[in-house]
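Q: Please find the sequence and the predicted model below.
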Amino acid sequence: MLLVGLASLTLMFTGCVRRTIEITTSPEGALVWLNGREVGRTPVTVDFMHYGTYDLMIKKKGWEPIIDAKRAPIPVTDMPGLDLMVEILPIDAHHTLQWHIDMEPRDDSHAALLKRANGLRKEVRGNLAVESRNTLDESP
């Protein structure tokens, strides 16, 4: 009976862990997607549950879009063993990650379009050359 009472008291006074990512951009007002889900315009704060890698996409008219993989590293307080202690203690823990992205203005001129197209063409040709070298010739 005493054990049940202690367990009940422990559950009543346990803490809470909140995890958030604060995303800011320069300039502000860019639309943000996290793992394919639209989360708002910068500056934006998003709650998250799991640490790891997140797919980040940011767009704003007149600016180059950003598509990147961002890491949410595990803090020491969320390491196995310590995380249980933090959850049980009667405190509210808050872990915040801050991601700031500097955006670049988009150049929509004809010359810039040709430059991007030529860069993409070189990249594709380079990848095709690597693939052809890695392919086994199975002809007789």
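A: Arrived safely.
Q: Can you give me the buried ones in stretch 46-57?
A: 46, 48, 54, 56-57 (16 or more other C-beta atoms under 10 Å). In short, each C-beta sits where N, CA and C put it, glycine included.
Q: Those residues in strands, which ones?
A: If you go by DSSP state E, those have 46, 54, 56-57 in strands.
Q: Let me know the pLDDT of the residue most central in space within the chain.
A: Centroid-nearest residue in the chain: residue 54, 3.1 Å away (criterion: C-alpha atoms, centre = their mean). Looking at residue 54, its pLDDT stands at 96.
Q: Could you do residue 135 as well?
A: Predicted confidence (pLDDT) for residue 135: 57.
Q: Check residue 32 too.
A: Residue 32 is given a pLDDT of 97.
Q: For it, give its distance to residue 74.
A: 23 Å (C-beta to C-beta, to the nearest Å).
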